[in-house]
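Enquirer: Predicted model follows, preceded by the sequence.
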Amino acid sequence: MAQKLTLTKPTKKLTAEVITELVGEHALPIIEFLRGKTRISEFIIAEELGLEINETRHILYKLLEHNIVSFIRKKDRIKGWYICYWDLNERIVPHLKRKMDEEKLEKMQQRLAAETAQQFYLCPNACVRMDFDEGMEQNFTCPECGNILQQQDNTRTVEFLKDRISELQAALK
């Protein structure tokens, strides 16, 4: 089913949350700098933020991978170099947030299925956690410290996953 792209501008908090999760906190100053501006040279971004040009480009390319920024490339008439001019595409953030939540939901549902379908064994020193087959191969002995593995009661994990799945499903509606 095709997803309709939201055309509303997201909040700064949502943008920061999505950027931090996808690219990292180090990209937030660039996002803040680009907000409300158009066609800003990567050299100006680097200079204004006190970053090295290579670091700035690296962050911009990471943002570009997710379509959070876009650029046009023009040739400098004096030096003959190509210079990229960047724009912020903040309107894609709600779509990215939804996509991230859908991926999290799918992973949690898979993990819940695995947690409820198998028995797990845990080292008393928390060195390893194994399912029944892996434990059987190791004779239910920890390969790290040699202690006997104990069957884990994963009811709290299952409950946590069910709660988190419900929250994500509600948020996605």
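Expert: Received it, and whenever you're ready, just let me know what you need.
Enquirer: Touching, residue 57 and residue 42? I think so.
Expert: Yes: using CB atoms under 8 Å, residue 57 is in contact with residue 42, at 6.0 Å. To be clear about C-beta, it is placed using only N, CA and C from the backbone, and glycine gets the same treatment.
Enquirer: And these two? Which one has more around it.
Expert: The neighbour count for residue 57 versus residue 42, taken as other CB atoms under 10 Å, is higher for residue 42 (19 against 16).
Enquirer: ok, the more buried one - contacts?
Expert: Taking CB atoms under 8 Å, 6 or more residues apart in numbering, we find residue 42 in contact with 53, 56, 57, 60, 83, 84, 85, 86.
Enquirer: Which pLDDT value does the model give it?
Expert: As predicted, residue 42 sits at a pLDDT of 95.
Enquirer: what do you get for residue 55?
Expert: pLDDT at residue 55 comes out at 97.
Enquirer: what helix or strand is it on?
Expert: Assigned by DSSP states H and E, residue 55 belongs to helix 53-65.
Enquirer: name the helices or strands packed onto that helix?
Expert: helix 28-34, helix 42-49, strand 69-75 (3 or more CB pairs under 8 Å, 6 or more residues apart in numbering; DSSP states H and E).
Enquirer: Could you say which of the ones you listed is packed most deeply?
Expert: helix 28-34 (a mean of 19; mean count of other CB atoms under 10 Å).
Enquirer: residue ranges of the helices in this protein, please?
Expert: Using DSSP state H, the helices of the chain run over 12-22, 28-34, 42-49, 53-65, 93-117, 132-137, 155-172.
Enquirer: before we move on, back to that, let's have the helices and strands packed on helix 53-65 in CSV, adding distance to residue 111.
Expert: Listed next are these as CSV, based on distance: least, CB to CB, whole Å:
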stretch, distance to residue 111
helix 28-34, 30
helix 42-49, 39
strand 69-75, 33
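Enquirer: and of these, who's closest to residue 136?
Expert: helix 28-34 (48.1 Å; CB to CB).
Enquirer: gap between the two ends of stretch 151-160?
Expert: In stretch 151-160, first residue to last residue: 19 Å (CA to CA, to the nearest Å).
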